[in-house]
Structures are given as C-alpha cells and as structure tokens.
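S.K.: No letters, just coordinates:
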C-alpha cells in the first residue's frame, strides 16, 4: 500500500500550471501566487546572477551541475535571485519547492515523489542555519553527497544563508584549534561546519552594497513605481533612510522607494 504522504505529494502535481510548492506538515502545498521578479530587474549582483543562471541552465538541460550555496549580507538579493530563475526557466520545466530548514530531516520523503518526473526541481532552503546535532544536518549531508540511494537527477538544492559555514560559530570552537608542526589546525567542530558548506559545489557571496550601488537601486525602484523624479532632496532622504537601518541593500532601497512613492501620491511631505 502506498504511503499516504507519498499519495498527497503525487496529488500536488495534478495542477500542471503550478510552478512552486511549499513543504508543510508532511505534504506539498501549491503556491498559487508566485513572485514574478525577473533577472533583468536584479542590479548590482551581475557576477552572482550569471554564475547561478548558468548553473541553472545546465540543470534544466539535464547537464552536470552543482548544488548552490548563496551567503552574505541580508537584503542583497540571494532569495530574490532564486525566485527570478524560476520565472526565467519555468517554460523549460523548472519548478521550485520551498523547504524550511527544520524540515530538512524529511528530505527523503520530499524527494521520493519527484523521481522520474519530467520537471526539474530546485529544493529552495531560505535563511539556512542548523545546530551541529540537528537531524536536518545529517539529512542534508546525505542529500548533497549521496547515500545508499542514488541521488535524483532532476533535483538540485539551492540554499541561502547569512552564515558562510551554515552553523553558528561558538566560542568553544576556538579552543579546539591546535598547533601541529608550526601549523594551526581547526578542531572537529569547525571541520564539521566547513565540510557541510563544501558539499555545495557552487558558492556565491553577496556583499553589502556601496553608496553608489544603493542609490542606483533606489532610482531603479522609483522608476518601476512610476516615480522617476530624482534630485538632491530625494537622494538625501534615501541616504537617511539607509542610515536609520544601518544597511545599504536592495531590500532597503525597495522599501524606501515604496515609502517615497506612496507619500508622493498622497501629496504628503
């Protein structure tokens, strides 16, 4: 008899127009309103965009490719880039399944109904960080490196994280370092953190934007909101907005643009 969870997962594909799902409570839940961000709208991350686009195209075409780890400053476009790639390649069979970090222990159940399907699936793990003893850690290592069961060739994992090595760095880790033959060697805890991130074949780092890049993004978002006016006053407001948030990022630029455009349409100061 087929497992009820597997049956519910198979039923999730009954609607062919669905492009994305979330894994929730042991089943795939269709996403009915997918973010429509395009690659062309992402500015200031050209190198990262091209590398991940190329890897995704290889995957969609059934060519060798890598799991990808996107790390770096918050609000710099890591998650948005993955969503934009879905839109770019959806007509070529690309689909996306969002998996919460705490659900990674269920990866075998998630992947099982995907095997043999004609679509190509990105398992998307956003804001990923796990503790060293988390069961999800073992499941993820197996999925990335392969275990007894052969990896599904139509599934790839894209993870985003603010941590380079995916697990918290603790003070105790520093005590494990040893000097051997005049060389410093990390302890087991640090090696475990590094070994996990190394299982991703493609690493992409996203740095905080400088002032010029931030202002460029502000102008881009203002124009997208049909608010193209740009002068010293708007520029100063945009810079103060970033200062109050201690961050210059695409997310902050978009938030300022929405606030400014909304206020202009209300005719408020």
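M.R.: Nice, I can see it. Only a predicted model underlies this, so the values are computations on that prediction, with no experimental measurement involved.
S.K.: Can you pull the poorly scored residue ranges out of the chain?
M.R.: 1-11, 14, 129-138, 145-148, 163-196, 268-269 (pLDDT under 70).
S.K.: Would you mind finding the longest helix in it?
M.R.: Ordering each helix of the chain by length in residues (DSSP state H) puts helix 250-266 first.
S.K.: dump the residue contacts of residue 68.
M.R.: Going by CB atoms under 8 Å, 6 or more residues apart in numbering, residue 68 touches 52, 55, 156-159, 200-204. For the C-beta atoms, the positions are set from N, CA and C on the backbone; glycine is no exception.
S.K.: Show me those that map onto helices.
M.R.: Using DSSP H, those in helices are 52, 55.
S.K.: from the chain's centre, how far out does the longest helix of the chain sit?
M.R.: Centroid separation between helix 250-266 and its chain, computed with CA atoms, centre = their mean, to the nearest Å, is 24 Å.
S.K.: One more: stretch 39-55?
M.R.: With CA atoms, centre = their mean, you get 13 Å for stretch 39-55.
S.K.: Now tell me what touches the longest helix of the chain from outside.
M.R.: Residues contacting helix 250-266 (CB under 8 Å, 6+ apart): 42-44, 74-77, 80, 209, 214, 217-218, 220-222, 224-227, 229, 234, 237-238, 241-242, 245, 269.
S.K.: Of those residues, select the buried ones using a PyMOL command.
M.R.: Buried subset of the contacts of helix 250-266, written as a PyMOL selection, criterion 16 or more other CB atoms under 10 Å:
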select buried, resi 42+43+44+75+76+77+80+209+214+217+218+220+221+222+225+227+234+238+241+242
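S.K.: quick one, helices of the stretch 51-200 of the chain?
M.R.: Counting by DSSP state H, counting those that start in this stretch, the stretch 51-200 of the chain has helices at residues 78-89, 107-111, 135-145, 171-175, 188-198.
S.K.: List buried residues within the contacts of residue 68.
M.R.: Those of the contacts of residue 68 that meet the buried threshold are 52, 55, 156-159, 200, 202, 204, by 16+ other CB under 10 Å.
S.K.: What is the nearest of those residues to residue 95?
M.R.: residue 156 (11.2 Å; CB to CB).
S.K.: The closest one reaches residue 63, doesn't it?
M.R.: No - the pair formed by residue 156 and residue 63 falls short of the contact definition of CB atoms under 8 Å, at 11.5 Å.
S.K.: so what's in contact with those two at the same time?
M.R.: Counting by CB under 8 Å, 6+ apart, residue 156 and residue 63 have no common neighbour.
S.K.: and residue 122, what are its bridge partners?
M.R.: Beta-bridge partners for residue 122, by DSSP bridges, are residue 96, residue 156.
S.K.: Pull up the gap between the nearest residue to residue 158 once chain neighbours are set aside and residue 264, please.
M.R.: Take residue 158 and drop its neighbours on the chain: the residue closest to it by CB to CB, 6 or more residues apart in numbering is residue 68, 4.8 Å away. With distances taken as CB to CB, to the nearest Å, residue 68 is found 39 Å from residue 264.
S.K.: the strands in the stretch 1-150 of the chain, which residues?
M.R.: Counting by DSSP state E, counting those that start in this stretch, residue ranges of the strands within the stretch 1-150 of the chain are 20-24, 27-30, 68-72, 94-98, 120-125.
S.K.: would a markdown table of these with distance to residue 88 be doable?
M.R.: Shown next, in a markdown table, are the strands of the stretch 1-150 of the chain (distance: least, CB to CB, whole Å):
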| stretch | distance to residue 88 |
| --- | --- |
| strand 20-24 | 14 |
| strand 27-30 | 20 |
| strand 68-72 | 15 |
| strand 94-98 | 8 |
| strand 120-125 | 12 |
